[in-house]
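*Asks:* sequence and predicted structure below; questions after.
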Amino acid sequence: MAPAAVLSTVTSAVPSWEMVARQRVYWATVYRRTWKGSVFTSFVLPLFYVVAMGVLLGRFVDAGGGSLDGAPSYLSFVAPGLVASYSMQVAMGETTWPVMGMIKWSRTYYAMTASPLAVADIVAGQLLYVMFRTASTGAVFLLVMSPFGVFDSWVGVLLAWPVTVLVGLSFAGVFTAYAASVNSDTAFLVVYRLLVVPLFLFSGAFFPIGNLSAPLQWVARATPLWHGVDLVRMLVLDDVQVGAALVHLGYLVLLSLVGWVLAVWRLGKRLEV
Amino acid sequence: MVWARGLRKSYGDLEAVRGIDLDVRPGEAFGFLGPNGAGKSSTMRMIAAVSPPSAGELMILSMDPTTHGPQIRARLGVCPQDDTLDNELNVRDNLMVYGSYFGMRKAEVAARADELLDFVQLRDKAKGKVEDLSGGMKRRLTIARSLINDPDLMLLDEPTTGLDPQARHLLWDRLFRLKARGVTLVLTTHYMDEAEQLCDRLVVMDGGEIVAAGSPLELIRAHSTREVAELRFGVGDNEQNAELVADLAPRVEVLPDRLLLYTDDGEATLAQVHERGLAPMAVLVRRSTLEDVFLRLTGRTLVE
Ligand SMILES: Nc1ncnc2c1ncn2[C@@H]1O[C@H](COP(=O)(O)OP(=O)(O)O)[C@@H](O)[C@H]1O
Ligand SMILES: [Mg+2]
């Protein structure tokens, strides 16, 4: 028979939020060693995008006089699309290689699982850090673009900010699950080429998806990035259609939740063997 | 401290641990001795409340790992077989970050970190990079890290594998001190001298099963003779000479490079060998060790 539990030695469970909060020291060290590199790119990259795509390319587009789903100029059409797409890319950058690294190279996750942290706590810490990263890069992106006069509603901009974080999260969960499931980082190049780049190009960031053939339009509408792009655009251009906005929001929240659950499941499979 | 009955671990079709019973008592140093692939690490990961058992019963610190994993881990110190130190952080910060996972306050971790760096003799490397440490230093840092929460039970998976003799002795010395402080140690090794030196009690594992259990002395008494006479003939000659000495000892083992004659009086046996006119290239009389126990029980040597 098993020895009876000595009651006084069985300590009660620490609430999950505290387990997650305990990881702040670790994530602060990660941020401290990466922020210098990321500050430069998060200021300069948006500027490059906006100048090249919005201002320079925009001249030709505006001269052509096409329809831009109600946006007053190509610059103001493309800017919200770029914000949302950038959030997806940051989320990918903060999950794929880093997650694999913490499994295979630095083995940091194994050190964490030997401590009281549970896999669900570790995933929560990871995804909250991604949200912090997309929130800060998103804020910088929005700030850099504001002098270009592309925003029609400041309330909308303030609401668009958390939406960009949600777009990032909806990808981060799925990518974390994926990174925990594959054995080689070449898998990420495949995802980048076959998923991220096509999403970036065809999810309505650069042109209204009405220009796609009907079947392709439906494909575009099924992608999370399109929902994010369209929602951010509605908000900053002060052109919110409540029904469509709620669908976008619901889709992104649902995918974020599904991705989160998948991440906990896959990482658990990987670490708890 | 650790209690198991019929504990099993399978990976798909592969049964790594095939039903073992354990009873680790407070304050003792308990060892798993076995060759690579015996299932030692699989067992350790289950005791660390990370890897769920496939079958059987397991209690750690009187708690069930399937329901109280975090509470168990809060009181364990784990030194895994492969290093999980963070190369991006300096030596001391490795301890600081790890301490935070246990909910310790910063000042508390800082004081403890300095104390532990002294204990493992790494104080002068505190600000150094982990990458620049030698293998032995990394192991000591891992041990310091596993002690940050002042654990009741320490798990050490092959703590000295790959270290040079000097680094091993330094590490053993630290483990002795921990034991003297009352920390319960559970360790795995495939070095019989390590098992003999460190363990009060141990189990010999092979192919996922426990083939013998007891104190080093008990095991040697039960499964081997007092002494062993080792005879080395030329390569290839060992087999045929084995037949000539077979009746001189209750048991004779033929290894590729030598013959082992198990006997209670090695010198006397050796004299008889010489009386027969046999002239081995080298001879040695020694006490029986756990290596002999393992050979007896499995027909194989521990380290190939
Ligand atoms: N995560 C794993 N997945 C599949 N097989 C494993 C895994 N871990 C260990 N094994 C297998 O289980 C057996 C026992 O391994 P292990 O417990 O590491 O033994 P030891 O630590 O004694 O060398 C080996 O055959 C090994 O290949
Ligand atoms: Mg092992």
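*Replies:* Yep, it's here. All figures in this text were calculated on a predicted structure; none of them were measured in a lab. Ligands and ions are numbered 1, 2, ... in the order given.

*Asks:* next one, pLDDT for residue 70 please.
*Replies:* I went with chain A, as the question did not name one. Residue A:70 carries a pLDDT score of 78 in this model.

*Asks:* correction: the question concerned chain B.
*Replies:* You'll see residue B:70 listed with a pLDDT of 96.

*Asks:* from what I can see it touches residue A:120, true?
*Replies:* No. Residue B:70 is beyond contact range of residue A:120, at 10.6 Å (criterion: C-beta atoms under 8 Å). Every C-beta, even on glycine, is put in place using the N, C-alpha and C of the backbone.

*Asks:* in what helix or strand does the residue of chain B found nearest ligand 2 lie?
*Replies:* Nearest residue of chain B to ligand 2 (C-beta to the ion) works out as residue B:41 at 3.2 Å. Following DSSP states H and E, one finds residue B:41 within helix B:40-47.

*Asks:* hmm, that helix touching ligand 1?
*Replies:* Yes. For helix B:40-47, a contact with ligand 1 is found by C-beta under 6 Å from any ligand atom, at B:40, B:41, B:42.

*Asks:* looking at those residues, which is nearest residue A:59?
*Replies:* Nearest to residue A:59 out of the residues of helix B:40-47 next to ligand 1 is residue B:41 (C-beta to C-beta; 64.5 Å).

*Asks:* contacting residues around the closest one?
*Replies:* Applying C-beta atoms under 8 Å, 6 or more residues apart in numbering or on different chains, we find residue B:41 in contact with B:81, B:157, B:158, B:188.

*Asks:* got it, and residue A:204?
*Replies:* Taking C-beta under 8 Å, 6+ apart as the contact definition, residue A:204 lies against A:81, A:220, A:226, A:229, A:230.

*Asks:* elements contacting the helix or strand hosting the first one?
*Replies:* Spelled out, it's residue A:81. Assigned by DSSP H and E, residue A:81 belongs to helix A:74-100. Here helix A:74-100 touches helix A:24-49, helix A:58-64, helix A:119-145, helix A:154-181, helix A:186-191, helix A:197-202, helix A:224-236, going by 3 or more C-beta pairs under 8 Å, 6 or more residues apart in numbering or on different chains; DSSP states H and E.

*Asks:* show residues contacting the following helix or strand past that helix.
*Replies:* Of the helices and strands lying after helix A:74-100 in sequence (DSSP H and E), the nearest is helix A:108-114. The contact list for helix A:108-114, computed with C-beta under 8 Å, 6+ apart, reads A:23, A:26, A:101-103, A:119, A:122, A:267, A:271-272, B:48, B:50, B:73, B:76, B:78, B:80, B:84-86, B:98, B:101, B:145-146.

*Asks:* what mean pLDDT does helix A:108-114 get?
*Replies:* Helix A:108-114 comes out with an average pLDDT of 96.

*Asks:* which of the contacts of residue A:204 sits closest to residue B:262?
*Replies:* Distances from residue B:262 to these, taken by C-beta to C-beta, are shortest for residue A:226, at 78.0 Å.

*Asks:* ranking the contacts of residue B:41 by neighbours, who comes first?
*Replies:* residue B:188 (25 neighbours; other C-beta atoms under 10 Å in any protein chain shown).

*Asks:* report all helices and strands that the one helix or strand it maps to contacts.
*Replies:* Following DSSP H and E, one finds residue B:188 within strand B:184-189. For strand B:184-189, the packing partners by 3+ C-beta pairs under 8 Å, 6+ apart come out as strand B:29-33, helix B:40-47, strand B:153-157, helix B:165-180, helix B:192-198.

*Asks:* ok, residue B:215 - contacts?
*Replies:* Applying C-beta under 8 Å, 6+ apart to residue B:215 gives the contacts B:199, B:200, B:201, B:202.

*Asks:* bridging residues for the closest residue to the last one other than its chain neighbours?
*Replies:* When you say that, I think you mean residue B:202. Excluding its sequence neighbours, the residue lying closest to residue B:202 (C-beta to C-beta, 6 or more residues apart in numbering or on different chains) is residue B:31, at 3.6 Å. Beta bridges link residue B:31 to residue B:187, residue B:202 when assigned by DSSP bridges.

*Asks:* thought residue B:31 was touching residue B:203?
*Replies:* Yes. Here residue B:31 reaches residue B:203: they are 7.4 Å apart, a contact under C-beta under 8 Å.

*Asks:* more neighbours: which of the two?
*Replies:* When residue B:31 and residue B:203 are compared for neighbours, residue B:31 comes out ahead with 27 against 23, by other C-beta under 10 Å.

*Asks:* who are the packing partners of the helix or strand of chain B with the lowest mean pLDDT?
*Replies:* The weakest-scoring helix or strand in chain B, judged by mean pLDDT, DSSP states H and E, is helix B:238-245 (a mean of 80). The contact analysis (3+ C-beta pairs under 8 Å, 6+ apart) places helix B:238-245 against strand B:227-232, strand B:251-254, strand B:259-263.

*Asks:* give the buried residues for that helix.
*Replies:* B:238, B:241, B:242, B:245 (16 or more other C-beta atoms under 10 Å in any protein chain shown).

*Asks:* kindly report the same for stretch A:28-37.
*Replies:* In stretch A:28-37, counting by 16+ other C-beta under 10 Å, buried: A:29, A:30.

*Asks:* list the contacts of residue B:9.
*Replies:* Contact analysis of residue B:9 by C-beta under 8 Å, 6+ apart lists B:15, B:16, B:17, B:39, B:42, B:43, B:46, B:51, B:53, B:54.

*Asks:* what's the answer for residue B:87, then?
*Replies:* By C-beta under 8 Å, 6+ apart, the contact set of residue B:87 is A:106, B:129, B:130, B:131.

*Asks:* and if you look at residue B:154?
*Replies:* With contact set as C-beta under 8 Å, 6+ apart, residue B:154 has these partners: B:76, B:77, B:78, B:79, B:146, B:147, B:178, B:183, B:184, B:185, B:186.

*Asks:* now do the contacts for the fourth one.
*Replies:* The contact partners of residue B:79, taken as C-beta under 8 Å, 6+ apart, are B:139, B:142, B:143, B:146, B:154, B:155, B:156, B:157, B:159.

*Asks:* tell me the confidence at residue 74?
*Replies:* You didn't pick a chain, so chain A it is. Looking at residue A:74, its pLDDT stands at 90.

*Asks:* hmm, no, I was thinking of chain B.
*Replies:* 96.

*Asks:* same deal with residue A:95?
*Replies:* Looking at residue A:95, its pLDDT stands at 96.

*Asks:* now it: how far from residue A:267?
*Replies:* 11 Å (C-beta to C-beta, to the nearest Å).

*Asks:* looking at those two, which one has more neighbours?
*Replies:* Counted by other C-beta under 10 Å, residue A:95 and residue A:267 do not tie: residue A:95 has more neighbours, with 28 against 25.

*Asks:* do you know how far the closest residue to that one other than its chain neighbours is from residue A:266?
*Replies:* Leaving aside its chain neighbours, residue A:95 sits nearest to residue A:175 (4.1 Å; criterion: C-beta to C-beta, 6+ apart). Here residue A:175 is placed at a distance of 11 Å from residue A:266 (C-beta to C-beta).

*Asks:* these two: who's more crowded?
*Replies:* Set residue A:175 next to residue A:266 and count neighbours by other C-beta under 10 Å: residue A:175 wins out with 26 against 21.

*Asks:* need the contact list for the more buried one.
*Replies:* Taking C-beta under 8 Å, 6+ apart, one finds A:91, A:92, A:95, A:96, A:99, A:191, A:259 in contact with residue A:175.

*Asks:* not counting residues beside it along the chain, what's closest to the residue nearest the centre of chain B?
*Replies:* Compute the mean C-alpha point of chain B, and by C-alpha atoms, centre = their mean the closest residue is residue B:189, 2.3 Å away. Nearest residue to residue B:189, sequence neighbours excluded (C-beta to C-beta, 6+ apart): residue B:195, at 5.5 Å.

*Asks:* burial count for that neighbour?
*Replies:* Counted with other C-beta under 10 Å, residue B:195 comes out at 28.

*Asks:* which residues touch it?
*Replies:* B:31, B:33, B:189, B:202, B:216, B:290.

*Asks:* show me what contacts the residue in the stretch 201-304 of chain B that chain A sits nearest to?
*Replies:* Nearest residue of the stretch 201-304 of chain B to chain A: residue B:208, at 15.6 Å (C-beta to the nearest C-beta). Each residue near residue B:208 by C-beta under 8 Å, 6+ apart is listed here: B:15, B:16, B:17, B:18, B:20, B:38, B:39, B:42.
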